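*Asks:* sharing a model that was predicted from the sequence below.
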Amino acid sequence: MRRHRSPAGWGRAVLEAVRYALPFVLVAWVLVRGGWSAPSPVLSADQQRRLGAGEVIVLDELPPRASTSAHGGTALAIVRASPEQVWRILIDYPGHTRYYPAVTSVEVLEADEQRALVRYQVKIGFFSFKFHMNKYPDPIRHRIEWQLADDRPNGLFRENTGYWQLGEAPGGTLVTYAIAVRTILPGFVTSGSERDSLVDTIRSLRKLAENGGGAAGR
């Protein structure tokens, strides 16, 4: 004899089906948007305490598309400004000279809602070179990912990939900044400089945001 489910039974069955299918729906959504993003770094209790005290926390984690021979890491800090304020600074590409170390000029060559091709000029000592980046902003998630534009000249760089990620935090914004870099120079020559750049960039961005900095020239 065939048994009929009660309305409550059907409700439980629907919830179970949704719970089972949800991970697959999320996977499909991520794939449609262009690939997996980096998971949020896991911090120890001591690192969380230091983060709340205003320190810049640097981890050895590289961004998702980094090669095994790249150098870099991931830095996190609390910025006492809203995510919207910090986001406006990040997507103001010409204004990157204000907080990226050694960047002397920035020019946006192409741009639409999904991608921007940006040319940077960097000066290190007496040496100056240019490189080109493809930037992929996601205003919904407050995330920007980037990588070298392989069809353009890139000076010393053989690899440069990373991301900015903004999230809500008590009294401000949790900023995550990750980079992976590989140059034509031997690894021991540049070893450590990427981590210093992570800290310097975060600190400069924080100072700019907390002092009310908006788009360059405003």
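*Replies:* Alright, I've got the coordinates.

*Asks:* and Lys135, how far is that from Glu84?
*Replies:* 18 Å (CB to CB, to the nearest Å). Where you see a C-beta, it was placed from the backbone N, CA and C, and this is true even at glycine.

*Asks:* of these two, which one has the most company?
*Replies:* Taking neighbours as other CB atoms under 10 Å, Lys135 and Glu84 compare with Lys135 leading, 20 against 11.

*Asks:* can you give me the strands for this protein?
*Replies:* 57-59, 71-79, 103-111, 116-124, 127-138, 143-148, 157-169, 172-183 (DSSP state E).

*Asks:* ok, Leu76 - contacts?
*Replies:* 41, 43, 51, 56-57, 59, 174-177 (CB atoms under 8 Å, 6 or more residues apart in numbering).

*Asks:* one more: Lys135?
*Replies:* 93, 115-118, 144-146.

*Asks:* can you spell out the domain ranges of this structure, please?
*Replies:* 1-36, 45-210 (automatic domain parsing).

*Asks:* which stretches of the protein have low pLDDT?
*Replies:* For the chain, the stretches flagged by pLDDT under 70 are 1-39, 186-192, 215-218.

*Asks:* how about 80 then?
*Replies:* Within the chain, the segments meeting pLDDT under 80 span 1-40, 125, 185-194, 213-218.

*Asks:* Glu110: what's its closest spatial neighbour, skipping adjacent residues?
*Replies:* Leu117 (4.1 Å; CB to CB, 6 or more residues apart in numbering).

*Asks:* quick one: buried ones out of the contacts of Leu76?
*Replies:* 51, 56-57, 59, 174-177 (16 or more other CB atoms under 10 Å).

*Asks:* now these in JSON lines, with distance to Tyr163?
*Replies:* Shown next, in JSON lines, are those (distance: CB to CB, whole Å):
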{"residue": "Leu51", "distance to Tyr163": "18"}
{"residue": "Val56", "distance to Tyr163": "17"}
{"residue": "Ile57", "distance to Tyr163": "16"}
{"residue": "Leu59", "distance to Tyr163": "14"}
{"residue": "Leu174", "distance to Tyr163": "14"}
{"residue": "Val175", "distance to Tyr163": "11"}
{"residue": "Thr176", "distance to Tyr163": "8"}
{"residue": "Tyr177", "distance to Tyr163": "8"}
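
*Asks:* of the residues you listed, closest to Glu107?
*Replies:* Tyr177 (22.1 Å; CB to CB).

*Asks:* which one of the contacts of Leu76 sits closest to Ala111?
*Replies:* Comparing the contacts of Leu76 against Ala111 with CB to CB places Tyr177 closest, at 21.6 Å.
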